[in-house]
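Enquirer: 3D model of this:
(one chain, ligands or ions: 1)
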Amino acid sequence: MKKTIFLSIAIALLPGTISFGQTIKIDWPEYTNYTNYVDTRSRNIEFQDKGIFDFAAIGVGVRNDFTGARLNGIKTENDSTLAICITPENYPINMSPWYSFKIWADSEKDIYIRLNYQQGRHRYIPKLSNDGKTWVQIDTTEILSSRKDPSALFRLNISPDTLWVSAQEMMCSDFTYEWIDQLSQKKYIKSITIGKSTQGRPIKAMSISDSDDKNMLVILSRQHPPELTGFKEMISFVETIAGDSKLAKMFRKKFRTIVVPMMNPDGVDNGHWRHNASGIDLNRDWRHFNQPETYAFRKFIKEEIEKNNATLHYAIDFHSTLTDLFYLKKPEDLPSKKVISWEFIEGINKVMTNNPIEPVPSDREGQNSSNWFINELGVEAITYEVGDNTNREVIKKRGEVAAFTLMTILLDKD
Ligand SMILES: [Zn+2]
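Expert: Numbers count the residues shown, from 1 in each chain. So this is what the prediction gives:
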């Protein structure tokens with residue numbers, strides 16, 4: 001363990017402040033005789049020391065006392081460089097080191113920031129904002145280190161106006177709940193709370209339907225906190241299904257779309273790299289459902305299907321990775337003859353010729369959401385991955401194209 005003058009990290013076991021989800025046993029049929037078992041029972045995480053850090057000697061202030069922040073320690077390296085420590089909530093963990101902090105200065109000046117990742121390597125290009133709403137990516141010539149370095153050094157121009165610096169745009173649970181409330185003002189959209197996260201935040205769903213609820217499409221997102229690009233494409237996709245086009249109106253008369261836009265609000269609001277508040281990668285908990293977030297989702301979807309005697313036709317789980325791709329199944333690996341995904345990807349790529357999505361076949365072994373849909377419900381599902389650096393205008397456009405493509409396919413097949 002390195003001895004540093006970084007702030008000590010509070011290892012908060014939080015007795016009494018967190019209610020951990022109960023462990024639920026599910027009897028799985030024979031075919032789920034997996035070889036790559038992942039233990040998803042709750043584990044402890046480290047919380048950040050939150051506060052304002054004043055470096056009077058160099059006239060700079062930094063804070064992490066806001067929702068979604070991540071800054072685990074800070075010190076001056078010299079009079080023009082601040083070293084910031086970014087640690088994961090626990091590990092082993094996927095390499096997606098999230099950071100987010102606010103910075104200001106007595107007077108306008110340039111300063112260097114060095115992000116030191118513990119257990120991680122640099123991945124996200126810094127995004128800047130003055131209000132936490134409008135974000136621009138840093139000019140990449142200001143970054144003096146490369147991806148995969150264990151630290152990142154970049155130059156910032158700071159002033160008395162507070163500057164937000166974040167791995168990706170900040171869109172936390174408050175944004176998501178407001179988005180749901182706003183869309184739910186439409187008469188055909190209902191907001192439903194399907195359960196609570198480990199720390200008690202609501203897991204909210206939307207039901208979009210002008211139909212009798214017999215045919216369903218399911219959308220989920222944000223199991224992994226930093227995966228903003230997938231979240232943004234999901235928003236564009238869902239708003240298109242909820243929109244005023246002729247196709248969307250027809251679709252809503254035949255299909256009910258259920259959306260759970262933020263599966264991991266605790267992870268998002270705590271600025272986690274990957275896990276929920278119990279230190280678990282939720283997208284590895286779709287076999288044992290040890291976590292309240294995945295448990296609530298499974299219970300809700302199964303009940304909706306049973307209650308309405310409905311058919312679930314397709315499911316999409318939005319994520320982000322380095323490039324744009326779909327993890328999908330080869331037709332022969334699917335339980336149903338009605339294969340949607342390959343036609344779906346082809347339809348999108350026909351329009352998005354400059355930003356195609358790559359099909360990547362995956363097996364049915366992993367304990368992720370799409371395999372749960374296929375293995376337990378017999379329903380085709382994909383993991384829809386959007387590149388970290390995909391142009392935000394492309395994301396918006398492709399979300400619309402994807403929604404139009406899928407609505408057409410589902411109506412055709414019906
Ligand atoms: Zn992911």
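
Enquirer: Now do the helices in the chain.
Expert: Taking DSSP state H, the helices of the chain run over residues 173-183, 228-241, 246-254, 265-269, 292-308, 341-351, 369-377, 392-413.

Enquirer: Tell me which of the ones you listed sits nearest to residue 286.
Expert: helix 369-377 (3.8 Å; Cβ to Cβ). (C-beta placed from N, C-alpha, C; glycine too.)

Enquirer: Tell me which of the helices of the chain sits most buried.
Expert: helix 265-269 (a mean of 28; mean count of other Cβ atoms under 10 Å).

Enquirer: The ion is nearest to which of the helices of the chain?
Expert: Checking the helices of the chain against the ion by Cβ to the ion gives helix 228-241 as the closest, at 7.0 Å.

Enquirer: give me the residue from the stretch 251-400 of the chain nearest the ion.
Expert: residue 319 (3.3 Å).

Enquirer: Is there a neighbour count for the residue in the stretch 151-300 of the chain positioned nearest to the ion? I'd like the number.
Expert: Nearest residue of the stretch 151-300 of the chain to the ion (Cβ to the ion) works out as residue 224 at 3.6 Å. Neighbour count of residue 224, defined by other Cβ atoms under 10 Å: 28.

Enquirer: And it, its phi and psi?
Expert: phi -110, psi 120 (degrees, to the nearest 10).

Enquirer: which residues touch it?
Expert: Neighbour list for residue 224: 94, 96, 264, 267, 274, 281-283, 319-320 [criterion: Cβ atoms under 8 Å, 6 or more residues apart in numbering].

Enquirer: likewise residue 325?
Expert: Applying Cβ under 8 Å, 6+ apart to residue 325 gives the contacts 357-360, 385.

Enquirer: which of those tops the neighbour count?
Expert: Using other Cβ under 10 Å as the neighbour criterion, residue 385 leads these with 24 neighbours.

Enquirer: nearest residue to it other than its sequence neighbours?
Expert: residue 321 (4.5 Å; Cβ to Cβ, 6 or more residues apart in numbering).

Enquirer: Report the beta-bridge partner residues of the one you found.
Expert: residue 387 (DSSP bridges).

Enquirer: For residue 309, which non-adjacent residue is spatially closest?
Expert: In this structure, residue 309 finds its nearest non-sequential neighbour in residue 214, 7.1 Å apart by Cβ to Cβ, 6+ apart.

Enquirer: same check, this time on residue 339
Expert: Spatial nearest neighbour of residue 339, excluding adjacent residues (Cβ to Cβ, 6+ apart): residue 331 at 4.6 Å.

Enquirer: burial of that neighbour, as a residue count?
Expert: Neighbours of residue 331 under the rule other Cβ under 10 Å: 14.

Enquirer: can you check residue 54 too?
Expert: Residues near residue 54, counting by other Cβ under 10 Å: 11.

Enquirer: In this structure residue 300 contacts residue 195, no?
Expert: Yes: using Cβ atoms under 8 Å, residue 300 is in contact with residue 195, at 7.1 Å.

Enquirer: Now do the same contact list for the residue nearest to residue 385.
Expert: Residues near residue 321 by Cβ under 8 Å, 6+ apart: 385-388.

Enquirer: same check, this time on residue 87
Expert: Residues counted as contacts of residue 87 (Cβ under 8 Å, 6+ apart) are 9, 46, 72-73, 117-119.

Enquirer: The same query, at a cut-off of 6 Å, please.
Expert: If you count contacts by Cβ atoms under 6 Å, 6 or more residues apart in numbering, residue 87 has them with 72, 118.

Enquirer: on that earlier part again, which one of the contacts of residue 321 is nearest residue 201?
Expert: residue 386 (24.0 Å).

Enquirer: Could you list which residues are in contact with that closest one?
Expert: 229-230, 233, 320, 324.

Enquirer: need the residues of the stretch 201-350 of the chain near the ion, please.
Expert: Neighbours of the ion within the stretch 201-350 of the chain, by Cβ under 5 Å from the ion: 224, 227, 319.

Enquirer: about what we covered before: farthest-separated two in the contacts of residue 325?
Expert: Longest span within the contacts of residue 325, Cβ to Cβ: 359 and 385, 11.1 Å.

Enquirer: Export the residues of the stretch 201-350 of the chain next to the ion as TSV, with columns for pLDDT.
Expert: Below are these laid out as TSV (pLDDT from 0 to 100):
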residue	pLDDT
224	98
227	98
319	98
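
Enquirer: if I look at the spatially most central residue of the chain, how far off is residue 388?
Expert: Residue closest to the average C-alpha location in the chain (Cα atoms, centre = their mean): residue 222, at 2.6 Å. As for residue 222, its distance to residue 388 is 15 Å (criterion: Cβ to Cβ, to the nearest Å).

Enquirer: So, low pLDDT: which residues of the chain?
Expert: Along the chain, segments meeting pLDDT under 70 span 1-36, 337.

Enquirer: Show me it divided up by domain.
Expert: 30-166, 173-413 (automatic domain parsing).

Enquirer: still on that earlier bit, neighbour-wise, which of the contacts of residue 224 leads?
Expert: When these are compared by neighbour count (other Cβ under 10 Å), residue 267 ends up highest, at 33 neighbours.

Enquirer: before we move on, back to that, for the contacts of residue 321, which one is nearest residue 246?
Expert: For those, the nearest to residue 246 is residue 386 (27.1 Å; Cβ to Cβ).

Enquirer: show me what contacts residue 148?
Expert: So residue 148 contacts residue 121 (Cβ under 6 Å, 6+ apart).
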